[in-house]
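output the structure for:
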Amino acid sequence: MGRQDKPGQVKTALPYYRGRWQISQAVLAGQIGLSQAAYSDYELGRSFPRLDTARRLAAIFGVPIEVLWPEVAQSELEK
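Alright, predicted model coming up:
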């Protein structure tokens, strides 16, 4: 597994799991009520989703939220 294929980082985990599910950015963005451009910003690490959106993405991929965003999950635990 190369660096780009390794899950667990904001910039790489989303495309990794999206590729495993063989779903386009546009289709996935539509499923969570976003534009493709907004979703793309998540994959590129330009922005972070709100917690409810992050939870929906984790549920779609069937993984715990901390797999996709360890730092988001940790910050929620610290509240």
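
quick one: which helix or strand includes the most centrally placed residue in the chain?
Among the residues of the chain, L14 comes closest to the average C-alpha position under CA atoms, centre = their mean, at 4.1 Å. Assigned by DSSP states H and E, L14 belongs to helix 10-21.

sorry, back to before: and the residue nearest to the residue nearest to the centre of the chain when sequence neighbours are not counted, how many residues sit next to it?
Spatial nearest neighbour of L14, excluding adjacent residues (CB to CB, 6 or more residues apart in numbering): E43 at 4.6 Å. The way it works is simple: take the backbone N, C-alpha and C, and place the C-beta from them, glycine included. Applying other CB atoms under 10 Å, we find 17 other residues in the vicinity of E43.

equivalent analysis for A59, please.
Close neighbours of A59, defined as other CB under 10 Å, add up to 12.

dump the residue contacts of it.
Residues in contact with A59 (CB atoms under 8 Å, 6 or more residues apart in numbering): none are found.

which SS state does it fall under?
On the three-state scheme (DSSP: H, G, I helix; E, B strand; the rest coil), A59 is labelled helix.

for the remainder of this discussion, apply numbering that starts at 164.
All set: I'll call the first residue 164, so the last point we hit is now A222.

ok, so what distance separates it from S187?
Relative to S187, A222 is positioned 19 Å away (CB to CB, to the nearest Å).

which residues sit against whichever helix or strand G193 is part of?
Secondary structure assignment for G193, by DSSP H and E: helix 188-194. Residues from elsewhere that reach helix 188-194 (CB under 8 Å, 6+ apart): R181, S198, Q199, A201, Y202, S203, E206, L220, I223.

residues contacting the first one?
Pointing back at R181 there. The contact partners of R181, taken as CB under 8 Å, 6+ apart, are S187, Q188, L191, E206, F224.

buried subset of these?
Q188, L191, E206, F224 (16 or more other CB atoms under 10 Å).
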